[in-house]
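K.L.:
Okay, predicted coordinates and the sequence, questions at the end:
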Amino acid sequence: MKPGPAKTGGVRDPFGFPLRPGEDPMARQPAKVDFPVSQVRRYLEPGPIVMVSSALAERRNIMTMGWHTVMEFTPSLVGCVIASSNFSFGLIRRSRECVINLPTTALTDIVVGVGNTSGAEIDKFARFGLTAVPATRVKAPLIAECHASFECRLFDDALVERYNFFIFEVLKAHVAPSPKRPETLHYTGDGEFVLSGKVISRRRWFRPELLDS
Ligand SMILES: Cc1cc2nc3c(=O)[nH]c(=O)nc-3n(C[C@H](O)[C@H](O)[C@H](O)COP(=O)(O)O)c2cc1C
């Protein structure tokens, strides 16, 4: 069924989408209050939370990261904000490489620990009992306990100076085939996360070019 104005039967909202029996159409227009713009992260941060591993000479490190965005499919580009105050910043800027690792909720406490400690002071692989596995395309290690690991090379550093925004190209992706939908962490600020959950599909309403196959 295509979205659009009601043609036959059923109660629909102003956009033509069907309402469930007894559903109040006004519930789709919840009342709003003014909200601090500095906290819109609570609604916009997409997650999932990742752990970024890096290496330079004998040093290796991990940081937790929520500020990332897919930018392009081919080449596979991912933009990331990495604050210059992080020990990882120097390792990644100088090595021009990293691995973006996807933890599941099984690693929640480690994700928090990694994001609240500095690699300048400790080896986080040892401290948090994580296993470093050699990558194939970069010197930064994969984290074996994570569901997926994406080997990345710095693609464009034009925005690093001004915004700490690194654009990486994913060179190789390692993904556990199961579970198909791992339970991931999505940060909403102030020490709280929401978890990935139910799956809904509207595939039939998508233009073919927006779908994978
Ligand atoms: C849930 C969470 C999300 C975070 N997201 C980011 C982020 O997107 N960018 C960033 O620069 N730091 C982020 N941090 C902070 C770094 O992970 C933190 O400063 C860490 O201690 C850096 O480690 P390092 O100094 O060893 O590199 C986040 C921390 C947490 C706990």
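P.N.:
Sure, I can see it.
K.L.:
Show me where this structure has its helices.
P.N.:
For the chain, the helices identified by DSSP state H occupy 41-44, 87-95, 108-114, 124-127, 160-163, in order along the chain.
K.L.:
need the least confident one among those, by mean pLDDT.
P.N.:
Ranked by mean pLDDT, the helices of the chain bottom out at helix 41-44, which scores a mean of 78.
K.L.:
Name the residues that touch that helix?
P.N.:
The contact list for helix 41-44, computed with Cβ atoms under 8 Å, 6 or more residues apart in numbering, reads 188, 189, 190. To be clear about C-beta, it is placed using only N, CA and C from the backbone, and glycine gets the same treatment.
K.L.:
before we move on, what about stretch 189-199?
P.N.:
Residues from elsewhere that reach stretch 189-199, judged by Cβ under 8 Å, 6+ apart: 39, 41-42, 45, 47-49, 105, 108, 181-188.
K.L.:
repeat for stretch 132-150
P.N.:
Under the contact criterion Cβ under 8 Å, 6+ apart, stretch 132-150 has outside partners 51, 53-55, 60, 62, 78, 95, 97-104, 107, 110, 125, 130-131, 151-153, 170-176, 182, 184.
K.L.:
That stretch: end-to-end distance?
P.N.:
Its first and final residues considered, stretch 132-150 spans 14 Å by Cα to Cα, to the nearest Å.
K.L.:
what do you get for stretch 199-211?
P.N.:
Across its full length, stretch 199-211 reaches 16 Å between end residues, using Cα to Cα.
K.L.:
touching the ligand at all, stretch 182-195?
P.N.:
Yes: with Cβ under 6 Å from any ligand atom as the threshold, stretch 182-195 lies in contact with the ligand, specifically through residue 187.
K.L.:
going forward, begin numbering at 10 instead of 1
P.N.:
In the new count, where the first residue is 10, that last one comes out as stretch 191-204.
K.L.:
before we move on, back to that, can you lay out the contacts of helix 50-53 as JSON lines showing neighbour count?
P.N.:
As requested, the contacts of helix 50-53 are arranged in JSON lines below (neighbours: other Cβ atoms under 10 Å):
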{"residue": "197", "neighbour count": "16"}
{"residue": "198", "neighbour count": "14"}
{"residue": "199", "neighbour count": "8"}
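K.L.:
now, which of those sits nearest residue 83?
P.N.:
Compare each of the contacts of helix 50-53 with residue 83 using Cβ to Cβ and the shortest gap goes to residue 197, at 31.5 Å.
K.L.:
what about the residue nearest to that closest one when sequence neighbours are not counted, distance to residue 206?
P.N.:
Of all residues beyond its chain neighbours, the one nearest residue 197 is residue 51 (4.8 Å), with distances taken as Cβ to Cβ, 6 or more residues apart in numbering. The span separating residue 51 from residue 206 equals 17 Å under the rule Cβ to Cβ, to the nearest Å.
K.L.:
more neighbours, those two?
P.N.:
Here residue 51 and residue 206 are compared on neighbour count by other Cβ atoms under 10 Å; more neighbours surround residue 51, at 14 against 9.
K.L.:
Show me which residues of the protein are close to the ligand?
P.N.:
So the chain meets the ligand at 58, 70, 72-76, 90-92, 95-97, 121, 124-128, 196 (Cβ under 6 Å from any ligand atom).
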